[in-house]
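J.: Take this sequence and fold it.
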Amino acid sequence: MNGVWKNRLDKSGAFQQQNSSVVEASYEVSIEITKKKKAHTIGETLIKLCALKMVKRVLGEARERKIQPISLSDDKVKRRISEMSDDIMEQVIQEIKSSPTDMFAIQLNESTDVSSCAQLLVFVRYVFLRDIKDEYQFCTQLETTTTA
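T.: Predicted coordinates:
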């Protein structure tokens, strides 16, 4: 993960570096929340609360204080997911650019979700390291309705 160390100014103006394991834990929990398709608020309202209680009970208060700084707020989870998504898209774009054949194909598909919102899905196929790769690129909501 890029930028795992986060620098912040404290009240005195000195830099503090946030522990990388705390930031990594926040990313790992954020991706699990996404995989399970749960509301982002579950991180702060349930997961962190339960984790703190378990650690305190099993490992003690000192260890509980060690995981207290893990940020799982709604906004932080959304930001983490967005950063990971952007990073994956950038990796795919770099692989396409470094393809020895300079060839790729794009497939577009329109789909309507359960709330009748039209969405455009984009897939890309390209050659990378002698393998043909198919990657989901992105999905975006269409502003108008569509018909076949």
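
J.: buried ones in the longest helix along the chain?
T.: The longest helix of the chain (DSSP state H) is helix 74-97. Within helix 74-97, the residues that qualify as buried are 76-77, 80-81, 92, 95-96, counting by 16 or more other CB atoms under 10 Å. Using the backbone N, CA and C atoms, a C-beta is placed for each residue, glycine as well.

J.: And those, which is closest to Ser30?
T.: Checking the buried residues of helix 74-97 against Ser30 with CB to CB, the nearest one is Arg80 at 3.9 Å.

J.: Just the local confidence number for that closest one, please.
T.: At Arg80, the model reports a pLDDT of 96.

J.: do Ser21 as well
T.: pLDDT, Ser21: 89.

J.: Quick one: end-to-end length of stretch 125-143, please.
T.: 26 Å (CA to CA, to the nearest Å).

J.: which residues make contact with that stretch from outside it?
T.: Stretch 125-143 has contacts (CB atoms under 8 Å, 6 or more residues apart in numbering) with 89, 92, 95-96, 98-101, 103-107, 110, 117-124.

J.: try stretch 105-116
T.: Counting contacts by CB under 8 Å, 6+ apart, the residues outside stretch 105-116 that touch it are 118-126, 137, 142, 145-146.

J.: Which parts of the chain are helices?
T.: So, for the chain - with DSSP H - the helices run 20-35, 42, 48-59, 61-67, 74-97.

J.: Okay, Leu52 and Gln137: tell me how far apart.
T.: 39 Å (CB to CB, to the nearest Å).

J.: again with Met89
T.: Per CB to CB, Met89 is found 7 Å from Gln137.

J.: hang on, the earlier thing: and the contacts of stretch 125-143, which are buried?
T.: The neighbour-count test (16+ other CB under 10 Å) applied to the contacts of stretch 125-143 identifies 92, 95-96, 104, 124 as buried.

J.: thinking again about what came up before, format the helices of the chain as TSV; extra columns: distance to Ile132.
T.: Below are the helices of the chain laid out as TSV (distance: least, CB to CB, whole Å):
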stretch	distance to Ile132
helix 20-35	26
helix 42	38
helix 48-59	42
helix 61-67	43
helix 74-97	12
